[in-house]
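S.K.: sequence first, then the predicted structure:
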Amino acid sequence: MIRQERGLLYEDFSIGQQFEHHWGRTFNASDASLFSNMFLQMNPIFFNAPYAQALGYDDIIVPPMFVFATILGLSVEDLSEAGGPFLGVDDLSFGVPVHAGDTVYARSTVVSQRLTESRPGWGITEWHTRGHNQNGEEVVTFHRRNLSRCRNT
């Protein structure tokens, strides 16, 4: 069997480089309900339409942490599929609520890079990722970092 390398390495990124992640994700009502039940998200705005509407929402909303996880997942193929430990997220904030029927998309920008001293052959790459809905409204934004393997190590 021939191993096929996937993903980008440290040298493939440059500060300011932008990625429009090519997949989108449409949420449906059962997605929101299943996520809420699996992760014990017991806020009624996630599963009780009259309650959510009484608070000013159009309908139940998709749990924001599900939206965040989805946007992060949409970015993996372009940014971190080559592997390397995930180093964390900073500056996570949410925009407009996501409802069943909404489709979300992601875009990322490389904001910093540096080689590591403690792990030769690796560098730290940081991206600013923004998620938006089908109307172009921002639904989530965050910075994340990964160790990125250097070429020829």
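M.R.: Perfect, I can see it now.
S.K.: who touches the worst-scoring helix or strand of the chain on mean pLDDT?
M.R.: Every helix and strand of the chain was ranked by mean pLDDT, DSSP states H and E. The lowest is helix 29-38, at a mean of 88. If you take C-beta atoms under 8 Å, 6 or more residues apart in numbering as the criterion, helix 29-38 is touched by Gln41, Met42, Phe46, Phe47, Ile60, Ile61, Val62, Pro63, Phe66, Ala100. C-beta coordinates here come from the backbone N, C-alpha and C atoms, glycine included.
S.K.: let's see that with 7 Å instead.
M.R.: Residues outside helix 29-38 that contact it (C-beta atoms under 7 Å, 6 or more residues apart in numbering): Gln41, Phe46, Phe47, Ile60, Val62, Pro63, Phe66, Ala100.
S.K.: what's downstream of that helix, the next helix or strand?
M.R.: Using DSSP states H and E, the next helix or strand after helix 29-38 towards the C-terminus is helix 49-54.
S.K.: list the buried residues for that next one?
M.R.: Neighbour counts using 16 or more other C-beta atoms under 10 Å place Ala52 of helix 49-54 among the buried residues.
S.K.: what is the orientation angle of the helix or strand that it is followed by with helix 29-38?
M.R.: Sequence-wise, the next helix or strand downstream of helix 49-54 (DSSP H and E) is helix 64-79. Angle between the axes of helix 64-79 and helix 29-38 is 110 degrees (criterion: axes from the mean of the first three to the mean of the last three C-alpha atoms, to 10 degrees).
S.K.: tell me the mean pLDDT for helix 64-79?
M.R.: In this model, helix 64-79 has a mean pLDDT of 95.
S.K.: for Gly136, see how far away the closest residue to Gln134 other than its chain neighbours is.
M.R.: Nearest residue to Gln134, sequence neighbours excluded (C-beta to C-beta, 6 or more residues apart in numbering): Thr103, at 4.6 Å. Here the criterion is C-beta to C-beta, to the nearest Å. By it, Thr103 lies 11 Å from Gly136.
S.K.: higher neighbour count, those two?
M.R.: Each of Thr103 and Gly136 has its neighbours counted (other C-beta atoms under 10 Å); Thr103 has more, 13 against 7.
S.K.: contacting residues for the more buried one?
M.R.: Gly24, Arg25, Thr26, Asn133, Gln134.
S.K.: try 6 Å this time
M.R.: Gly24, Thr26, Gln134 (C-beta atoms under 6 Å, 6 or more residues apart in numbering).
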